[in-house]
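Asker: Got a predicted structure plus its sequence, pasted below:
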Amino acid sequence: MPPASETDALAAQAAAGDAASLDLLLRRIQPDVVRRCGRFLPYREDAEEAAQDVLLLVARKIHTFEGRSKFNTWLYTVIANCSRQKYRELKRRAGEEHITSEENLRPDPRTTSVIAGSRLDLLEALERLERESPHLVAPLVYRDIGEMEYSEIVERLEIPLGTLKSRLHHARKQVQEWLAEGA
């Protein structure tokens with residue numbers, strides 16, 4: 001991916017309505033978007049589907065990027081939301097499918113975790129955290145999955161560093177307890 005300043009400039013031009021800049025921006029961020037979606041979704045095909053959703057959403061919503069934060073920070077929010085939505089979709093689809101053959105009797109590994117602590121268990125725990133303590137989700141997703149710097153997260157969430165660290169601590173503690181008990 002190009003340097004942040006170059007990406008931010010392209011994003012600003014695209015947000016202002018420059019179609020050529022948007023096209024270039026989408027082509028440049030695509031590999032990174034797929035890689036980042038892969039942090040949420042362990043199967044490449046699922047990550048690629050989520051990445052396509054991200055790119056479409058960026059194309060449709062780039063005008064909402066105001067440049068108050070780095071483009072990558074804004075983009076990561078879109079990536080996290082689309083990846084988590086893809087997981088929900090896969091889980092819902094698995095619940096709705098009817099078993100018609102013996103081959104289908106095996107659990108779908110994309111929606112059934114067999115190893116405690118896997119990404120799928122984490123996604124289940126994130127869903128539970130979203131229901132029980134929604135303000136703790138973003139800090140955990142940005143820092144532990146997105147590997148964002150504290151300064152970027154503080155800027156994005158518009159909260160003090162101490163508040164971020166406290167929320168992150170509580171989120172990690174809660175998720176670890178759920179993972180230990182089998183979420």
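Answerer: The structure has been received and is ready for your questions. Residues are numbered from 1 along each chain as shown.
Asker: The protein - how does it break down into domains?
Answerer: Taking automatic domain parsing as the reference, the chain has its domains at 1-105, 113-183.
Asker: Can I get those domains in a markdown table including mean neighbour count?
Answerer: Where C-beta positions appear, they are placed from N, C-alpha and C, glycine not excepted. Below are the domains of the chain laid out as a markdown table (neighbours: other CB atoms under 10 Å):
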| stretch | mean neighbour count |
| --- | --- |
| domain 1-105 | 16 |
| domain 113-183 | 16 |
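Asker: Save those domains as CSV, and put in mean pLDDT too.
Answerer: What follows is those, written out as CSV (pLDDT from 0 to 100):
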stretch, mean pLDDT
domain 1-105, 86
domain 113-183, 84
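Asker: so what's residue 130 closest to, chain neighbours aside?
Answerer: Of all residues beyond its chain neighbours, the one nearest residue 130 is residue 137 (5.2 Å), with distances taken as CB to CB, 6 or more residues apart in numbering.
Asker: was I right about the one you found contacting residue 131?
Answerer: No. Checked against CB atoms under 8 Å, the pair residue 137 and residue 131 is beyond contact range at 9.8 Å.
Asker: So what's the gap between stretch 165-182 and the chain middle?
Answerer: Relative to the chain's own centre, stretch 165-182 is displaced by 18 Å; criterion: CA atoms, centre = their mean, to the nearest Å.
Asker: Apologies, that question was intended for stretch 40-57.
Answerer: With CA atoms, centre = their mean as the basis, the mean position of stretch 40-57 lies at 10 Å from the chain mean.
Asker: With stretch 7-25 instead?
Answerer: Stretch 7-25 sits 22 Å away from the centroid of its parent chain (CA atoms, centre = their mean).
Asker: Quick one: residues in contact with that stretch.
Answerer: The contact list for stretch 7-25 (CB atoms under 8 Å, 6 or more residues apart in numbering) reads 1-2, 28-29, 58-59, 62-67, 70-72, 74.
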